[in-house]
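>>> Give the three-dimensional model of this entry:
(one chain, ligands or ions: 1)
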Amino acid sequence: MSLDWVLTPARVSGAAALLAAYAALCLRTGWMARQRRLAFTHDSEELAGHVQGPPVLVVFASQTGQAEGLARAAARMLGGSGFRVTLLPVDRLDGAVLRSHPHSLWMLSTTGEGDAPDHALHFVQKLLAGAQDLSGHRCQVLALGDREYRQFCSFGIQVHEWLLAQGAEGDLICVDNMERAALQAWQGRVNELRQAWLGQDAEALPAQDEWLLPPASEPFILKRRTLLNPGSQGGPLYLLEWEPVSGRLPAWQSGDLASLAVPADPDRPRDYSIASIVEDGSLQMLVRLSLRDDGIPGLASGWLCEGMAVGDSLALAIRQHSSFRLGENRERPLILIGNGSGLAGLLGHLKARVRAGRGDQWLVFGERNSRHDAFCGEQLAQWLREGWLQRLDQAWSRDGDGARYVQDVLLQQQDQLKAWVQRGAAIYVCGSQQGMGQGVDRALRLVLGDTGVQALVHEGRYRRDVY
Ligand SMILES: Cc1cc2nc3c(=O)[nH]c(=O)nc-3n(C[C@H](O)[C@H](O)[C@H](O)COP(=O)(O)O)c2cc1C
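Presented below is the predicted three-dimensional model:
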């Protein structure tokens, strides 16, 4: 299957987009059936193909899940081609595992200002800082990034240089903003390697290569769109509620993302944090209408908030976002910190915890003013009353004398913050990187120290979904 559904011409009608989505879904179903024959022995461990096949290591470092998604797709394809595939996030990789594999594929994104994804900290400090004998090892590195940042793909480039310095051989492909042509070049390269690594045993792949797919999408109907902040000084923020045309919601976990492309910009899927859990009966997201400098609405938010009508449909795909799921923090106390539409990712966790009968969580949420921007306020107040939320701090940045940001709350409440962390709490941050994400990181370092924050990152107790 090709990626043609992503390439629908710019002014395609809603009906054509829907048809394309159905076609993709039907083709995808066949593909999925084949993928099910491959067994994931663990969420991110070994994929069993034919056990005699050559071993290949697939490693990823991913902040918002794109590199992870590509790694999983490559791992499935290689598993299906007869390789013994070990799929690992970089933090689970050690020198012995690396040396014992003759071949490796790396999918590495860059975040922050040229930084490695959070979960890669251990890898950067331990493996990347040391030496390994990788002579004879063949690697292929895919670096994900965005040219708008000064340090384009710098983490992927750094790892590739390190691999070569250890004696490995192999190429690097940099991808700007998930650009299709570069991803196709990557797919072509992996297919060549697959052939070379399998040697005589290689069966040719079908001419229409289908493994590098966007996540499975299916048509959803927009059931309700509610303006959550009437009168706000900020852009209008909407709650969008979607139901699948099929009537059966796909599975997701709190922390996951919904990916969609709008008809006017079909080549650029956008991700939104999912604000609901499956038991809510709908997939919910918070979308702020963004206006460009000339006052024209942004392509995606304009379509979602004003363009499409309630009752219209759009193809949505769930994107597994392991680094922001609750995972091993499921039983820990949680400190949830966010602003604006970032409440969506935190709401998902709150709902999942309430559903699991678990309280012990502290929400620190920031917006402009208490009169117009206290969205979901009744729900939060109810959780507080019922004890699902142990603490709720709202920071209003435009509320006259009491104006403050979420990072100010963390500093004001530093004794609480320390006590919660000491009790084993995990910290989840969702919302804007500029201002909030950076400010929260600075505040945490002031209160807990750099080593304290690094320890949290190591233990997977500091998770960020910032954009
Ligand atoms: C907060 C943030 C910071 C980023 N910083 C960089 C950067 O410094 N250099 C770069 O090339 N790309 C940067 N990017 C772009 C990401 O690398 C790119 O979106 C990538 O596809 C994300 O992959 P992931 O989902 O696997 O993390 C940044 C993206 C975000 C959201």
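
>>> and Gln63, that one's in a strand?
No - counting by DSSP: H, G, I helix; E, B strand; the rest coil, Gln63 is not found in a strand; it is coil.

>>> Spit out the contact partners of it.
Contact analysis of Gln63 by Cβ atoms under 8 Å, 6 or more residues apart in numbering lists Ser109, Thr111, Pro117, Asp118, Ser323, Arg464. Every C-beta, even on glycine, is put in place using the N, C-alpha and C of the backbone.

>>> Who does the one residue in the stretch 51-200 of the chain that gets nearest to the ligand form a beta bridge with?
Nearest residue of the stretch 51-200 of the chain to the ligand, counting by Cβ to the nearest ligand atom: Gly145, 2.4 Å away. According to DSSP bridges, the residues that bridge with Gly145 are Asp176.

>>> Local confidence estimate at it?
For Gly145, the model assigns a pLDDT of 97.

>>> From Thr111, how far out is it?
The gap separating Gly145 from Thr111 is 9 Å, by Cβ to Cβ, to the nearest Å.

>>> Check the burial of Gly80 by counting its neighbours.
When counting by other Cβ atoms under 10 Å, one arrives at 18 neighbours for Gly80.

>>> and if you look at the one 10 residues further on?
Other residues within reach of Val90, judged by other Cβ under 10 Å, total 25.

>>> ok, and the closest non-adjacent residue to it?
With Cβ to Cβ, 6 or more residues apart in numbering as the criterion, Val90 has its nearest non-adjacent residue at 4.0 Å, and that residue is Phe123.

>>> Check Ser81 too.
The spatially closest residue to Ser81, leaving aside those adjacent along the chain, is Arg194, at 5.7 Å (Cβ to Cβ, 6+ apart).

>>> Is it correct that the one you found is in contact with Leu78?
Yes - with contact defined as Cβ atoms under 8 Å, Arg194 and Leu78 form a contacting pair (6.5 Å).

>>> okay, the two: which has more neighbours?
Higher neighbour count among Arg194 and Leu78: Leu78, with 28 against 21, using other Cβ under 10 Å.

>>> pLDDT score for that one?
For Leu78, the model assigns a pLDDT of 86.

>>> got it, and Gln416?
With respect to pLDDT, Gln416 scores 98.

>>> now swap in Gly188 and tell me
pLDDT, the model's per-residue confidence, is 86 for Gly188.

>>> List the buried residues for the strand or helix carrying it?
Element membership of Gly188, judged by DSSP states H and E, is helix 180-198. Neighbour-count burial for helix 180-198 flags Ala182, Leu183, Trp186, Gln187, Arg189, Val190, Asn191, Leu193, Arg194, Trp197, Leu198 (criterion: 16 or more other Cβ atoms under 10 Å).

>>> Same check on stretch 152-166?
By 16+ other Cβ under 10 Å, the buried positions in stretch 152-166 come out as Phe152, Cys153, Ser154, Phe155, Gly156, Ile157, Gln158, Val159, His160, Trp162, Leu163, Gln166.

>>> Output the residues you listed as JSON lines; include the columns pLDDT.
As requested, those are arranged in JSON lines below (pLDDT from 0 to 100):
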{"residue": "Phe152", "pLDDT": "98"}
{"residue": "Cys153", "pLDDT": "98"}
{"residue": "Ser154", "pLDDT": "98"}
{"residue": "Phe155", "pLDDT": "98"}
{"residue": "Gly156", "pLDDT": "98"}
{"residue": "Ile157", "pLDDT": "98"}
{"residue": "Gln158", "pLDDT": "98"}
{"residue": "Val159", "pLDDT": "98"}
{"residue": "His160", "pLDDT": "98"}
{"residue": "Trp162", "pLDDT": "98"}
{"residue": "Leu163", "pLDDT": "98"}
{"residue": "Gln166", "pLDDT": "98"}
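
>>> In helices only, show me those.
Among the buried residues of stretch 152-166, the members falling in helices (DSSP state H) are Ser154, Phe155, Gly156, Ile157, Gln158, Val159, His160, Trp162, Leu163.

>>> Name the nearest residue to the fourth one, ignoring sequence neighbours.
If I follow you right, that is Ile157. The spatially closest residue to Ile157, leaving aside those adjacent along the chain, is Ala143, at 6.0 Å (Cβ to Cβ, 6+ apart).

>>> What count of nearby residues applies to Glu459?
For Glu459, the tally of surrounding residues (other Cβ under 10 Å) stands at 14.

>>> same question, Thr110
Residues near Thr110, counting by other Cβ under 10 Å, number 26.

>>> State the distance from it to Gly231.
39 Å.

>>> next one: Asp115
Distance from Asp115 to Gly231, counting by Cβ to Cβ: 38 Å.

>>> the more surrounded of these two?
Per other Cβ under 10 Å, whichever of Asp115 and Gly231 has more neighbours is Asp115, with 15 against 10.

>>> who does the more buried one bridge with?
Using DSSP bridges, the bridge partners assigned to Asp115 are Thr111.

>>> what does Ile335 give?
Trp362, Ile427.

>>> Tell me who's in contact with it.
Residues in contact with Ile335 (Cβ under 8 Å, 6+ apart) are Gln361, Trp362, Val364, Leu417, Trp420, Val421, Ala425, Ala426, Ile427, Tyr428.

>>> part of a helix, is the fourth one?
Yes - counting by three-state DSSP, Leu417 is located in a helix.

>>> Mind picking out the helix or strand in the chain with the poorest mean pLDDT?
The weakest-scoring helix or strand in the chain, judged by mean pLDDT, DSSP states H and E, is strand 39-40 (a mean of 28).

>>> quick one: average pLDDT of the strand or helix carrying Val85?
Using DSSP H and E, Val85 maps to strand 84-89. Mean per-residue pLDDT for strand 84-89: 93.

>>> Many thanks, I have nothing further to ask.
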